[in-house]
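J.: From the sequence below, what's the structure:
(2 chains)
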Number of protein chains: 2
Amino acid sequence: MSGAPVKFQSRKSIGQVEEGSDLAPRFDDRGLITVVTTDATTGELLMQGYMNAEALGLTIQTGEAHYYSRSRQVLWHKGATSGFVQKVRELLVDDDQDCIWLRVNVAGGASCHVGFRSCFYRRVPVGEEFAKQQADGRVDLEWTDTEKVFDPEEVYGDAPNPTIL
Amino acid sequence: MSGAPVKFQSRKSIGQVEEGSDLAPRFDDRGLITVVTTDATTGELLMQGYMNAEALGLTIQTGEAHYYSRSRQVLWHKGATSGFVQKVRELLVDDDQDCIWLRVNVAGGASCHVGFRSCFYRRVPVGEEFAKQQADGRVDLEWTDTEKVFDPEEVYGDAPNPTIL
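T.: Now for the predicted structure:
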């Protein structure tokens, strides 16, 4: 941890938010902001999560990704359990400051609780490819990654699965 | 448009959702799913948006990105006004199927209503860099792109700015 706690500015005008240099993030009615996390080396999308103000401040201060876990309702230092800490190479904010983009490197290379490198390991056929495959409109996902980089049971034991049906 | 309307499957088990080949997306209590859109060529994050079931179905059928605009509360065929249509090169879904990743190519190259190529044109200094820059915890955003690829006034005229303070 280094430096003073991060101070966010209040949102005063569209000019300030969109074309100024103030960090004035918009947290939603749950107090959360959307986060998109990509691999800084490969550009691959690793995960999409949420931060509250505390998590965003700690990420900026420490240079390691902190999120807010909606399923567990706690501050979440990514990698604290699994060891797969995300080192932030670049943190960007979007035009209206309601989304954060983290470009990270992950020690050990995994970001997905199922065991894959990325949470996005299945693709949906689109357009002509979709039309050719299914006459009835049903979609068959195709796997883009089939090799798990860790065994979730070994890492998480019998902790509850975070997926909500 | 090609093929039958897209049919989504109902969500029955964690195994089905996380490790099956059914497309069983989880729309939230507003009927929306989060979408992350990157440039298929450069890997750059272009925007983060939302789809309802209709928008996701049309994206799969047509191969062009459709979103749901929360500020305007309408189905939004991206590029219908600006001409910057997003051709979907790949559509992926995450482990628990509550997030969609679009890898697109954009005719004309712009995705941001402010006029930049990407919505993410400002970075936040993190870790040691943050500590060095500001003694009082205030953050100064740094610009990563200063060249607008179009003039928003020419393209959108006096349509209301979608940013919510």
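
J.: Spatially nearest residue to A:Gly79 (excluding sequence neighbours)?
T.: Nearest-residue entry for A:Gly79: A:Val85, 3.4 Å, with adjacent residues in sequence omitted and distances by Cβ to Cβ, 6 or more residues apart in numbering or on different chains. The C-beta positions use only the backbone N, C-alpha and C, and glycine is treated the same way.

J.: from what I can see that neighbour touches A:Ala110, true?
T.: No: the pair A:Val85 / A:Ala110 is not scored as a contact, 11.0 Å apart, by Cβ atoms under 8 Å.

J.: Which of the two has more residues huddled nearby?
T.: Taking A:Val85 and A:Ala110 together and counting by other Cβ atoms under 10 Å in any protein chain shown, A:Ala110 has the greater number of neighbours (22 against 17).

J.: mind checking the SS state of the more buried one?
T.: Taking DSSP: H, G, I helix; E, B strand; the rest coil as the rule, one finds A:Ala110 in the coil state.

J.: For A:Thr146, list the residues it contacts.
T.: For A:Thr146, the contacting residues are A:Tyr121, taking Cβ atoms under 8 Å, 6 or more residues apart in numbering or on different chains as the criterion.

J.: Can you classify it by secondary structure?
T.: Local secondary structure at A:Thr146 is given as coil here, using three-state DSSP.

J.: Residues contacting the longest helix seen in chain A, please?
T.: When secondary structure is assigned using DSSP state H, the longest helix within chain A turns out to be helix A:53-62. Taking contacts as Cβ under 8 Å, 6+ apart, the residues outside helix A:53-62 that touch it are A:1-3, A:5-6, A:8, A:25, A:27, A:31, A:33, A:51, A:65-68, A:75-77, A:88, A:91, A:100, A:102, B:124-127, B:130-131, B:139.

J.: Apply the buried test to the residues you listed and list what passes.
T.: Buried positions within those, assessed by neighbour count (16 or more other Cβ atoms under 10 Å in any protein chain shown), are A:3, A:6, A:8, A:25, A:27, A:33, A:51, A:65-68, A:76-77, A:88, A:91, A:100, A:102, B:124-127, B:130-131, B:139.

J.: Which element, helix or strand, includes the residue minimising distance to the centre of chain A?
T.: In chain A, the residue lying closest to the centroid (Cα atoms, centre = their mean) is A:Gln48, at 3.2 Å. Taking DSSP states H and E as the criterion, the element that holds A:Gln48 is strand A:45-51.

J.: about what we covered before: could you check how many residues crowd around the nearest residue to the residue nearest to the centre of chain A once chain neighbours are set aside?
T.: Counting by Cβ to Cβ, 6+ apart, A:Gln48 lies nearest to B:Cys99, which is 4.5 Å off, once chain neighbours are set aside. Burial of B:Cys99, expressed as a neighbour count using other Cβ under 10 Å, amounts to 24.
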